[in-house]
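Trainee: this one's structure only:
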C-alpha cells in the first residue's frame, strides 16, 4: 500500500527539540513537494512548512519561522521537520502530505496525507 508514514513525535518540555520524519512507504516522494501541517484539538489544520521536490525552496508558517527547519533526503525517500525551541502552543498532531495543486500553504492543495504523529510540549 502506498502511503506516507510520519514518526518522531512524543512528549518534550518547553524549549526542547524534536525531529519528525515523513517516509514514503511503497511510493516515491522524491519528485513531489512535501508539506507539514498540524492540528490541535478544536482547531483547524494549520500549515507548518513545505519543501520543493529538489529542496531548493522552503516555506514556513509565521508561527514556526526561525524555530523549525524542513529538509529532505531523497535517496532515503524521507522528509524531516526539525523543531527547536518548542512551545506548549506547538502541541498538535503533525501530518505530512504530498502536494498536487498550486498553493503550497493550503490544505486543499495536498491530496495524500499520512496518519499523523502526536507532539506534546509541556510547560
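Mentor: In hand now; what should we look at? Not measured: the values here are computed from a predicted model.
Trainee: what separation is there between residue 109 and residue 26?
Mentor: 22 Å (C-beta to C-beta, to the nearest Å). Backbone N, C-alpha and C define where each C-beta goes, glycine included.
Trainee: neighbour count winner among the two?
Mentor: residue 109 (18 against 9; other C-beta atoms under 10 Å).
Trainee: what's the pLDDT at the more buried one?
Mentor: Among the per-residue scores, residue 109 holds a pLDDT of 93.
Trainee: before we move on, what about residue 14?
Mentor: So, for residue 14, pLDDT stands at 98.
Trainee: and for it, the neighbour number?
Mentor: Around residue 14 there are 13 residues (other C-beta under 10 Å).
Trainee: quick one: it from residue 121, how far?
Mentor: 6 Å.
Trainee: try residue 16
Mentor: Counting by C-beta to C-beta, the gap from residue 16 to residue 121 is 7 Å.
Trainee: find the centremost residue of the protein, please.
Mentor: Among the residues of the chain, the one closest to the centroid is residue 36, at 2.5 Å (C-alpha atoms, centre = their mean).
Trainee: who does that residue form a beta bridge with?
Mentor: residue 49, residue 96 (DSSP bridges).
Trainee: residue 20 is in contact with that one, correct?
Mentor: Yes: here residue 36 reaches residue 20: they are 7.2 Å apart, a contact under C-beta atoms under 8 Å.
Trainee: give the residues shared as contacts by these two.
Mentor: Residues within reach of residue 36 and of residue 20 at once, by C-beta atoms under 8 Å, 6 or more residues apart in numbering, are 81, 94, 96.
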